[in-house]
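S.K.: dropping the sequence and predicted coords here.
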Amino acid sequence: MATEVTLPELGESVTEGTITEWLVAVGDEVNEDDPLFELSSDKIDTEVPSPASGVLKEIRVDVDETVEVGTVVAIIGDAGDDAGGGEDTPVADAREERDASRADDRADTGTAQADVGAVDDGDAAAGPGSGGGDVEVTLPELGESVTEGTITEWLVAVGDEVNEDDPLFELSSDKIDTEVPSPASGVLKEIRVDVDETVEVGTVVAIIGGGGEPAPESTSEEPRTDDAPPSSRADDSGVADSGAATTTRGNGGVAGGDALMSPIVRRMMAEHDLDPAQIAGSGQGGRITRDDVEAAISSSGSAAGADAVPSGQQPARRETARKETSAKGTAASVFEPGEREHVEKLSRIRQRIAAKMQESLANTAQLTTVQEADMTYIMQLRARHKDEFKQREGTSLSPFAFLARAALLAIKRHPTVNAKVDWDGGEVLYRDYVNLGIAVDTEKGLLVPNVKNADDLTLAALSRNIADVAGRARGKGQLEMSDIQGGTFTITNTGSRGVLIDTPILNYPEVAIMGTGAIQRRPVVVEDGLGSTIAIRDMVYLCLTYDHQILDGADAARYVTDVKEVVETHDWEAELGL
């Protein structure tokens, strides 16, 4: 039976991808999950695994050809099937061949791991619990630009029965903490990724079977062939070593060329024009790790190496180093606490926030312009109608919602504020929609979920949506992956803690973020028909941080002044339906 290989989904807003290399040739036998081809988009470079075992019968998309997501790029048929005909390969044989291949791959990397799916000697007919109904649990997509995540807690144990959609484990990334549900009902037969281990999206983290005897409870405690720590199933780059990188290609080589390496490490080597033959891999099975590549870059000249790093890469490497030190847990603390001192480990999300802030500063030219707006009309209107509004809409009528709505109305006349820039390609992407990011202060740190198509919402609808995403961000495991994907412009309410003026950092790759200060009642000079007078007014500072690479100072000033005008002159009573 033929299996169609389609171009996989590449993330929100990505509709096409380019095949950069086929890793197998027509006529080659492939196992399920063997890498078939390398794929590139504007957001990710990755290897795409085979969806089934068999023989590659046809390649329909050539190298360097760009096609849409869902396009059939190849056909995989059964072994010995010339043109889609012939007898089907028995299911047990195919499973045995696949499991033997996976066991070999794990042996190549020095990982002594229980082979749950393997068929026992003399037991070719797989029944319930013997692997016939096994379901692989993979690390889900975590949002735009996020390629890996860390399992922080397993909520079930090996041998436990689970139902479909029951929570299996807690997952953390730089943008979200969430519970991941079970994709199927059955018995948890194997856990392949330990707590605090960081692996790539798509990595198989557990196996769920149809019932029967579970596999040994722990694979991480079995003897290993080297002195690697329990977390060594992820190589030093933080990329899971599932064995795919050691599988053979159609040309007889191994994935990654003549040396073992992950796609991320391979990309680093290409960026620095390094020859893998000149680097001795220090990882398991001779794998070239990120540390090996960075050492090679340093040895070729630290100054030249630093200059050669593309914008934003150095902060990413610093984050990886921090993550590796934390994951290994064997390095002694640099602090020696004395009297009235103590040391705590940095939280995972704090380290990720730090890396994202460094990435933002490294890739943009940021500065902040400040304008002030008179909120008196809005505050008086709110005082009169907030009770009625809450009863009608089920949410509070926050002054922040008025400011967010004003920012959205002004964006329509200043599209560059909501744009995205590709400096390498020399292009600017203009959007006719706004996914409004809301910076939310949570117990774990800063999260920025966004309200989709916020510019299409009325003030009442926007109020409900802001309250919804903020509430779910503060609640454990409430945010969904889509909530943190695709933001285009962010607003942060720094005034919620009484701050008047702030200089927020861009939520990269966005090009603008607006901070709203505390609303303060103070005397100001106002102009009326009688001339200049001093009056007590409710005033707020609007702080716009912008990327000076794409927005000039005059552009930023025009936008934030336009927001001020909307705040002070818009027909807010009509917005509220009064």
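M.R.: In hand now; what should we look at?
S.K.: please enumerate the strands of the stretch 351-500 of the chain.
M.R.: In the stretch 351-500 of the chain, the strands defined using DSSP state E, counting those that start in this stretch lie at 366-374, 420-422, 427-429, 436-438, 440-442, 445-447, 450-451, 489-492.
S.K.: do the stretch 151-300 of the chain as well
M.R.: When secondary structure is read from DSSP E, counting those that start in this stretch, the stretch 151-300 of the chain shows strands at 161-162, 167-172, 177-181, 186-191, 198-200, 204-209.
S.K.: okay if I get those strands as TSV plus distance to Leu479 and mean pLDDT?
M.R.: C-betas here are computed from N, CA, C, even on glycine. Output for the strands of the stretch 151-300 of the chain, formatted as TSV (distance: least, C-beta to C-beta, whole Å; pLDDT from 0 to 100):
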stretch	distance to Leu479	mean pLDDT
strand 161-162	22	92
strand 167-172	11	85
strand 177-181	6	79
strand 186-191	25	92
strand 198-200	20	87
strand 204-209	20	93
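S.K.: now those strands in TSV, with mean neighbour count?
M.R.: Below are these laid out as TSV (neighbours: other C-beta atoms under 10 Å):
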stretch	mean neighbour count
strand 161-162	16
strand 167-172	20
strand 177-181	19
strand 186-191	24
strand 198-200	23
strand 204-209	23
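S.K.: hmm, back to that, which stretch in the strands of the stretch 351-500 of the chain is the model least sure about?
M.R.: Note on the strands of the stretch 351-500 of the chain: lowest mean pLDDT is at strand 445-447, with a mean of 85.
S.K.: adjacent strands (with direction) for it?
M.R.: The strands that strand 445-447 pairs with in its sheet are strand 440-442 (antiparallel) (by DSSP bridges).
S.K.: buried stuff in the strand it pairs with?
M.R.: Of the residues in strand 440-442, those scored as buried under the neighbour-count criterion (16 or more other C-beta atoms under 10 Å) are Val440.
S.K.: any idea how far that strand is from the middle of the chain?
M.R.: How far strand 440-442 lies from its chain's middle: 19 Å, per C-alpha atoms, centre = their mean, to the nearest Å.
S.K.: ok, back up a step: pick the most buried one from the strands of the stretch 351-500 of the chain.
M.R.: Sort the strands of the stretch 351-500 of the chain by mean neighbour count, taking mean count of other C-beta atoms under 10 Å, and strand 436-438 sits at the top with a mean of 26.
S.K.: could you pull out the helices for the protein?
M.R.: For the chain, the helices identified by DSSP state H occupy 91-108, 263-271, 290-299, 302-308, 313-328, 348-363, 376-393, 399-411, 459-474, 553-569, 572-575, in order along the chain.
S.K.: thinking again about what came up before, out of the strands of the stretch 151-300 of the chain, the one nearest Arg431 is which?
M.R.: Across these, the minimum distance to Arg431, taken as C-beta to C-beta, is reached by strand 177-181, at 26.6 Å.
S.K.: so what are the sheet partners of the closest one and their directions?
M.R.: Next to strand 177-181 in the sheet, as set by DSSP bridges, lie strand 167-172 (antiparallel).
S.K.: list the contacts of the strand it pairs with.
M.R.: Contacts to strand 167-172, defined as C-beta atoms under 8 Å, 6 or more residues apart in numbering, come from residues 137, 139-140, 142, 149-156, 162, 177-182, 188, 205-206, 348-349, 477.
S.K.: only alpha carbons, please: show that strand as PDB.
M.R.: Taking C-alpha atoms only, strand 167-172 is exported to PDB below (Å, rounded to 0.1, in the frame of the first residue of the first chain):
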ATOM      1  CA  PRO A 167      -2.800  15.400  31.200                       C
ATOM      2  CA  LEU A 168       0.500  13.500  30.800                       C
ATOM      3  CA  PHE A 169       3.200  15.900  31.700                       C
ATOM      4  CA  GLU A 170       4.000  19.600  32.300                       C
ATOM      5  CA  LEU A 171       6.000  21.300  29.600                       C
ATOM      6  CA  SER A 172       8.000  24.600  29.800                       C
END
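S.K.: relative to strand 186-191, how tilted is it?
M.R.: Compare the direction of strand 167-172 with that of strand 186-191 by axes from the mean of the first three to the mean of the last three C-alpha atoms, to 10 degrees and you get 40 degrees.
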